[in-house]
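Colleague: Got a predicted structure plus its sequence, pasted below:
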Amino acid sequence: METDLRALAKVQKWYGPHSSTAAEWPVEALVPAKGATTVSVVLPARDEERTVGDIVTVIRRDLVERTPLVDEIVVVDSNSTDATAELARAAGARVVAQDEVLSHLPPLTGKGEALWKGLAASAGDLVVFVDADLRSFGAHYVSGLLGPLLMDDGIDFVKATYERPYTGEDGVVRRGAGGRVTELVARPLINLFWPELAGFAQPLGGEYAARRKVLEQVPFVTEYGVEFGLLVDLLELVGLDAMAQVDLGHRTHTHQSMASLGRMAGQIMLTAWARLERQGRVVAPQSPARTLLQFGLEGRADLVDVAVAERPPLASLVLEEDVA
């Protein structure tokens, strides 16, 4: 109990000075602070033709043309089968095919793979990641996340927070009902094992920004455990005081099926397990299973693979290539 209270006190001390809203970081104040710093916005996208073009258009119009805050917009096309790449390119993004970035490496799958390839393909000193399925996107998503990084040299990583409504099949919007995997899996794991991170309201949110020099020093889980892994690894690398969060208002996006959420939960749990092992906090005679037996309608059972791979820190890859 005493340990829990100390962790809670640390979170409470961190929360106020390290939590802000997007309105506190007006674009007009950020441009002078930007100076020679370069900014990349990276969007991982797989079959997001309905939304990716609109997101890129807003960033280009408001943060490239009207106000020179963003230097490049990179869309990582994760083997889409629709018009994602064409629409993103037409809207003004530089589109890269996921498997063509660092093509000498064996290709892997998943969101984390797209993010890692996006980091490799971009050049900005600051990198902002934005999901490509957002229906509520505004330019403040980017400028808000950049604010603490541009105005405070002591901040290395900024995570978004927002209200996440859920729209059911009946069309009814339920406020605060989104983020089901966050509430059922990620938040309990964080509070159990990394309570310092408990102040992050949306640990699995897909919008965050960081300094390139920091992102290049941590591994990227290739599947949906990537956001969880980054939080834990960056805590260990830079410490809680170098991390912040910004409230962007609300976030609406495409909802996943319950089966997909189950697979996501399995990947996050394996990501957490790997970090507990790496930190020497668990010792087990054998590794946990990498499969998940799911039951659908009429009792149909499917055995699905929830294994996660990891890409190494990008800086280590660059160093290896330089030596070679």
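Modeller: Structure received. Numbering: from 1, shown residues only.

Colleague: how far is the longest helix along the chain from where the chain is centred?
Modeller: Identified as the longest helix of the chain according to DSSP state H is helix 258-278. Its chain's average C-alpha position is 15 Å from that of helix 258-278, according to C-alpha atoms, centre = their mean, to the nearest Å.

Colleague: list the helices and strands it packs on?
Modeller: Using 3 or more C-beta pairs under 8 Å, 6 or more residues apart in numbering; DSSP states H and E as the contact test, the elements touching helix 258-278 are helix 180-181, helix 187-193, helix 226-238, strand 291-295. Where C-beta positions appear, they are placed from N, C-alpha and C, glycine not excepted.

Colleague: List the contacts of the first one.
Modeller: Residues outside helix 180-181 that contact it (C-beta atoms under 8 Å, 6 or more residues apart in numbering) are 166, 204, 261, 264-265, 268.

Colleague: cool, and the second one?
Modeller: Around helix 187-193, the neighbours that count as contacts under C-beta under 8 Å, 6+ apart are 197-198, 200, 203, 228, 231, 268-269, 272, 276, 281.

Colleague: give me that answer again for 10 Å
Modeller: The contact list for helix 187-193 (C-beta atoms under 10 Å, 6 or more residues apart in numbering) reads 4, 7-8, 11, 179, 181-182, 196-204, 228, 231-232, 235, 268-269, 271-273, 275-276, 279, 281-282.

Colleague: Quick check: which element contains residue 74?
Modeller: According to DSSP states H and E, residue 74 maps onto strand 72-77.

Colleague: Okay, buried residues for stretch 72-92 please.
Modeller: Of the residues in stretch 72-92, 72-78, 80, 83-85, 87-89, 91-92 count as buried by neighbour count, 16 or more other C-beta atoms under 10 Å.

Colleague: An error on my part: the question was meant for stretch 11-20.
Modeller: In terms of neighbour count (16+ other C-beta under 10 Å), stretch 11-20 has its buried residues at 11, 14, 18-20.

Colleague: what do you get for stretch 300-311?
Modeller: Residues 306, 308, 310-311 are the ones in stretch 300-311 that count as buried (16+ other C-beta under 10 Å).

Colleague: what's the answer for stretch 38-56, then?
Modeller: Neighbour-count burial for stretch 38-56 [16+ other C-beta under 10 Å]: 38-49, 51-53, 55-56.

Colleague: Next: stretch 230-239.
Modeller: Of the residues in stretch 230-239, 230-235, 238 count as buried by neighbour count, 16+ other C-beta under 10 Å.

Colleague: Any chance of those residues in CSV with pLDDT as columns?
Modeller: Compiled in CSV, the buried residues of stretch 230-239 are given as follows (pLDDT from 0 to 100):
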residue, pLDDT
230, 98
231, 98
232, 98
233, 98
234, 98
235, 98
238, 98
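
Colleague: What sits closest to the residue most central in space within the chain if chain neighbours are left out?
Modeller: Residue closest to the mean C-alpha point of the chain, counted by C-alpha atoms, centre = their mean, is residue 206 at 3.7 Å. Using C-beta to C-beta, 6 or more residues apart in numbering and skipping residues adjacent in sequence, the residue nearest residue 206 is residue 131, 3.6 Å away.

Colleague: I'd assumed residue 78 was in contact with that neighbour.
Modeller: No. Residue 131 lies out of contact with residue 78 (C-beta atoms under 10 Å); the separation is 11.9 Å.

Colleague: overlap in contacts of those two?
Modeller: Common contacts of residue 131 and residue 78, defined by C-beta under 10 Å, 6+ apart, comprise 44-45, 48, 111.

Colleague: Output those residues in TSV, with distance to residue 301 appended to each entry.
Modeller: Formatted as TSV, the shared contacts of residue 131 and residue 78 follow (distance: C-beta to C-beta, whole Å):
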residue	distance to residue 301
44	31
45	32
48	31
111	26
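
Colleague: of all those, which two lie farthest apart?
Modeller: Farthest pair in the shared contacts of residue 131 and residue 78 (C-beta to C-beta) is 48 and 111. Separation: 11.9 Å.

Colleague: shared neighbours of the two, which are they?
Modeller: Both residue 48 and residue 111 are contacted by 78, 131, under the criterion C-beta under 10 Å, 6+ apart.

Colleague: Of the contacts of helix 180-181, keep whichever come out buried.
Modeller: Burial by neighbour count, judged by 16+ other C-beta under 10 Å, picks out 204, 261, 264-265, 268 from these.

Colleague: how about residue 40, secondary structure?
Modeller: Under the three-state scheme (DSSP: H, G, I helix; E, B strand; the rest coil), residue 40 adopts strand.

Colleague: Can you give me every residue that contacts it?
Modeller: Counting by C-beta under 10 Å, 6+ apart, residue 40 has contacts 70-74, 94, 118-119, 121-129, 209, 212.

Colleague: among those, which ones are buried?
Modeller: Neighbour-count burial (16+ other C-beta under 10 Å) is assigned, among the contacts of residue 40, to 70-74, 118-119, 121-122, 124, 126-129, 209, 212.
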